[in-house]
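Enquirer: give me the fold of what follows.
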Amino acid sequence: MEVKRFEKTGENIGRLWRKLWENKYRFAAGDGSSLEEFLSWATAESTRIYDIENGKGAVWVTNIGPFNPTVEWSEIVGNPHAFFWDRTLLGRWEEFREAALWIMRDAGIDRAIGQSPQQGKLARRFIERLGFKRIGTMRQANWFSNGVVQDVILYECLLSDLEGKEE
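Expert: Residues are numbered from 1 along each chain as shown. Below you'll find the predicted structure:
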């Protein structure tokens, strides 16, 4: 599976916004329809965006930074988000695991923390097949639902999980 870092040019970001909008992706805050909201995370220094298979999907990792910036050494944490609009990517779990490993290494992340709405059975299955471990439920959250309160399942994945090491 080809994965490459997305160049954050105005044209590329605009193209990604249109593709996400066409495929009914909405953002967590507000009603998700705001280009300004999209630009705030897409252009942030702490965000990396990756192209999957030459435009068949995208992964972005937000909030990349130390888990605890007050200590001398802290693991680097990021929040991955994935969206795929080409069905030819379905079922390619081993390739996705390799891509996730490459992305974590490229972004310098030791721990990825992800989430899925409780009703998102396909999203949860995808996250778990990648190697993420369920760590709990955030009750009455309003993510992914245009303001409707619902529970959100939280996941984490260590770099060592994807490398096949146990820690």
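Enquirer: which SS class is the residue most central in space within the chain?
Expert: For the chain, the residue nearest the mean C-alpha position is H81 (1.6 Å; CA atoms, centre = their mean). For H81, the assignment made with DSSP: H, G, I helix; E, B strand; the rest coil gives strand.
Enquirer: gap between it and E163?
Expert: Applying CB to CB, to the nearest Å, the value for H81 to E163 is 22 Å. Where C-beta positions appear, they are placed from N, C-alpha and C, glycine not excepted.
Enquirer: and what of A44?
Expert: 27 Å.
Enquirer: and if you look at E37?
Expert: Taken as CB to CB, the span from E37 to E163 is 35 Å.
Enquirer: what of R111?
Expert: Per CB to CB, R111 is found 13 Å from E163.
Enquirer: so between these two, which is more surrounded?
Expert: More crowded of R111 and E163, by other CB atoms under 10 Å: R111, with 16 against 12.
Enquirer: in stretch 86-103, what's buried?
Expert: 89, 96-97, 99-101, 103 (16 or more other CB atoms under 10 Å).
Enquirer: enumerate every residue touching A100.
Expert: 80, 112, 130-131, 157, 162 (CB atoms under 8 Å, 6 or more residues apart in numbering).
Enquirer: just say helix, strand or coil for it.
Expert: State at A100, reduced to three classes by three-state DSSP: helix.
Enquirer: ok, R5 touching I52?
Expert: No - shown here, R5 and I52 do not form a contact pair, counting by CB atoms under 8 Å, at 11.5 Å.
Enquirer: quick one, which of these two is more surrounded?
Expert: I52 (24 against 12).
Enquirer: how close does that one sit to F96?
Expert: In this view, I52 and F96 are 9 Å apart by CB to CB.
Enquirer: what's the overlap in contacts for these two?
Expert: Counting by CB under 8 Å, 6+ apart, the contacts common to I52 and F96 are 1, 89.
Enquirer: give the next helix or strand downstream of the host helix or strand of R15.
Expert: Element membership for R15, per DSSP states H and E: helix 10-22. The helix or strand immediately downstream of helix 10-22 is helix 35-42, counting by DSSP H and E.
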